[in-house]
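# Show me how the following folds:
(chains A and B)
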Amino acid sequence: MKRKPIKIIVSFILLFIASCEEPETVVTNYVHPDGSVTRKIEMRNLKNNFGQSDVQVPFDSTWTVRDSIEIGAKGDTTWVKRAEKEFKNIDEINLAYKFNLGANKGISRQAGFKKSFKWFNTEYRFFERIDRQLSFGFPVKDFLDNEELSYFYSPENLKHDKETGPDSLKFRALADSVKMKTDIWNSKNLVSGWIDEFSKLSQGKEGGQKVVESVRSHENELITLINTNDEKLDSLWSNGIILKRFMSENEYNTFKSEADSAIENVVDQIFFNFKDYSVRIAMPGKLIGANGFIDSSQVMIWPVRSDFFLTEPYEMWAESKIPNRWAWIVSGLFLVFVLTGVIMRVIKKG
Amino acid sequence: MTMKPESEKYNKVLNILRNSKPLLNSTEDIEREVINKIARAHQNRLYLSKVIDFLFGWVYIGWVRRSLITASIILVLVFVYQQSIILKRIDFLSRQTVIIDRENVSTPADEIEKMLLIYKNSGRRFPSKTITISEKQMKELLESVNELQIKYKDLENLIEGDPELKKLIEKKLIESNRTRINL
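Numbers count the residues shown, from 1 in each chain, chains lettered A, B, ... in the order given. Below is the predicted model of the structure:
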């Protein structure tokens, strides 16, 4: 079991103490064959606090809104706001994302719709994509195997059910493995980002190239140092003990400020504001493919967490098809026609 | 006695009727009608044959026949291919996880742990901009700190009460410190 020094946790709380109460939000896209989308948002909050800036997805006064209150078994009140809006096409959704002033306004998101005529069927593809946040770092799939990846992208309630269900031992081991590997992934991203930033800042400075190369060639060693000395890392860093392993005393004195600025810049990039939510997509016709999960009402669902689009884009897509009945009839008649002709010829020849 | 002459009479009448031929006023009309009927039947057959020839004349033209047969085969192959792909995809989709409950969108605990990890790994640096965390996250964090403190205290009491365990833990801690990179 990983140790969590209480001192660090408390200091962390004190440093980041700035809280808000965002609603639990589920956005559902009802995609129509003509490319229009009916978008419904369900927001649940313990307070009647649904300001435009608190909601995770674009939402404004142009939506049709319905408010309600749910009283739980323990008498606790949940405020529920349901909003609905008809988007004529994908461009309207993308425009809403572009000018979004909500809780996740800094995040680049797009939606897409594609209709492909394939004679027997017409296929539809709808996606929502969130662009990667960091310009550095490694894709998480380089660190996790398929089973771990599937677990990593799973909704929280599913993880919880698995970890407390009949195969709990297996899934707890899987959760631990995912946790351990994603910790390594986060450390590698941090170090990789720091080296990139350090390289940028030391550019043009005498000896900068040599120092950056030296640090880059010891990237893995640096990661090990960070992971094994996390408790006293701040003092080891500020005293220059870590950096002096990869550069001389003189070089350390010359590039100390760049190294400090680089780590600050990277931390700024890694800690971005993002409020989790869920996306649901209901496609026209029969669903034939998707990379999400299926909820109790047989609609595709995806959790959206900041980890998912840290170092690579996160795309939630679904594909469906509607059979073209007329094409089936035309094809059948054509086949009968050709077959009759061939049979007639065979008979006449005989 | 009375039956015999009646029967004879009947037979005589019958013979007379049999031997007398019908009087035909327009034999030509009848002839014409018969000829027309035969011609009409022939015309129908000719018309049907023409339609069939028109529709299926292509079977006698080699390149048209080959093209249509090829088109039919391609159509069947496309159909089989498309349907098999779709069935495979539907099968894969049906094997995907089904979530019974409604999606829980609350921030997972490991999200906070990740933030902590970055905070520790960056030499306890925090971003210059404000980061907002929800009240729920804050509550969860404080609860886990409290829980951790209680568990830590319990563990301390347990270790203090068992000298054997204390020795073992001290030994393990020394070993653990040795494995760390000596800076």
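# got the buried residues for the host helix or strand of A:Val267?
Taking DSSP states H and E as the definition, one finds A:Val267 inside helix A:249-270. For helix A:249-270, the neighbour count (16 or more other C-beta atoms under 10 Å in any protein chain shown) marks A:251-252, A:254-255, A:258-260, A:262-267, A:269-270 as buried. Quick note: C-beta positions are derived from backbone N, CA and C, even for glycine.
# elements contacting the helix or strand just after that helix?
Moving toward the C-terminus from helix A:249-270, the next helix or strand (DSSP H and E) is strand A:277-282. Judged by 3 or more C-beta pairs under 8 Å, 6 or more residues apart in numbering or on different chains; DSSP states H and E, the packing partners of strand A:277-282 are strand A:24-31, strand A:121-130, strand A:300-304, strand A:314-323.
# Turn those into a markdown table, including mean neighbour count, mean pLDDT and distance to B:Thr27.
Output for those, formatted as a markdown table (neighbours: other C-beta atoms under 10 Å in any protein chain shown; pLDDT from 0 to 100; distance: least, C-beta to C-beta, whole Å):
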| stretch | mean neighbour count | mean pLDDT | distance to B:Thr27 |
| --- | --- | --- | --- |
| strand A:24-31 | 22 | 94 | 82 |
| strand A:121-130 | 20 | 97 | 70 |
| strand A:300-304 | 24 | 92 | 87 |
| strand A:314-323 | 20 | 96 | 67 |
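# Columns distance to A:Val37 on top of the ones you listed, output as a markdown table?
As requested, those are arranged in a markdown table below (distance: least, C-beta to C-beta, whole Å):
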| stretch | distance to A:Val37 |
| --- | --- |
| strand A:24-31 | 5 |
| strand A:121-130 | 8 |
| strand A:300-304 | 14 |
| strand A:314-323 | 12 |
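# Looking at these, which is nearest to A:Val80?
Among the helices and strands packed on strand A:277-282, strand A:24-31 comes nearest to A:Val80, with 9.9 Å by C-beta to C-beta.
# Which residue ranges of chain B form helices?
B:3-19, B:27-56, B:62-94, B:109-121, B:135-161, B:163-179 (DSSP state H).
# How far away from the center of its chain is the first one?
Distance of helix B:3-19 from the chain centroid (C-alpha atoms, centre = their mean, to the nearest Å) equals 85 Å.
# how near is A:Asn291 to A:Ile130?
Using C-beta to C-beta, to the nearest Å, one gets 13 Å for the distance from A:Asn291 to A:Ile130.
# for A:Ile90, what are its contacts?
Counting by C-beta atoms under 8 Å, 6 or more residues apart in numbering or on different chains, A:Ile90 makes contact with A:35, A:37, A:111-113.
# residues near B:Asp162, how many?
12 (other C-beta atoms under 10 Å in any protein chain shown).
# actually A:Tyr97, not the one I typed
Neighbour number of A:Tyr97 under other C-beta under 10 Å is 20.
# How about A:Gln56?
26.
# Now do the same for it: helix, strand or coil?
Following DSSP: H, G, I helix; E, B strand; the rest coil, we place A:Gln56 in the coil state.
# ok, the nearest residue to it once chain neighbours are set aside - how many residues close by?
Leaving aside its sequence neighbours, A:Gln56 sits nearest to A:Tyr277 (C-beta to C-beta, 6 or more residues apart in numbering or on different chains; 4.0 Å). By other C-beta under 10 Å, 25 other residues sit near A:Tyr277.
# If we look just around chain B, which residues of the stretch 101-250 of chain A are in range?
Contact residues, the stretch 101-250 of chain A versus chain B (C-beta under 8 Å from any C-beta of the partner chain): A:118-121, A:154-161, A:179, A:182-183, A:186-187, A:190, A:224-231, A:233-234, A:236-238, A:241-242, A:245.
# follow-up on the earlier one: got a ChimeraX select line for the buried ones in the contacts of A:Ile90?
With 16+ other C-beta under 10 Å as the burial test, the buried ones among the contacts of A:Ile90 are selected in ChimeraX as follows:
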select /A:35,37,111,113
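# want to throw the contacts of A:Ile90 into TSV with secondary structure?
TSV is the format used below for those (three-state DSSP):
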residue	secondary structure
A:Gly35	coil
A:Val37	strand
A:Ala111	strand
A:Gly112	strand
A:Phe113	strand
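# for the contacts of A:Ile90, which one is nearest A:Gly332?
A:Gly35 (29.7 Å).
# which residues sit in contact with that closest one?
By C-beta under 8 Å, 6+ apart, A:Gly35 lies in contact with A:89-90, A:113, A:115.
# rewinding a little: show me the common contact partners of A:Asn291 and A:Ile130, please.
With C-beta under 8 Å, 6+ apart, A:Asn291 and A:Ile130 have common neighbours A:Glu315.
# quick one on the thing from earlier: out of the helices and strands packed on strand A:277-282, which comes closest to B:Met138?
The nearest among the helices and strands packed on strand A:277-282, by C-beta to C-beta, is strand A:24-31 at 15.8 Å.
# quick one: strands adjacent to the closest one?
Taking DSSP bridges as the criterion, strand A:24-31 forms sheet pairs with strand A:37-45 (antiparallel), strand A:277-282 (parallel).
# Okay then, goodbye and thanks.
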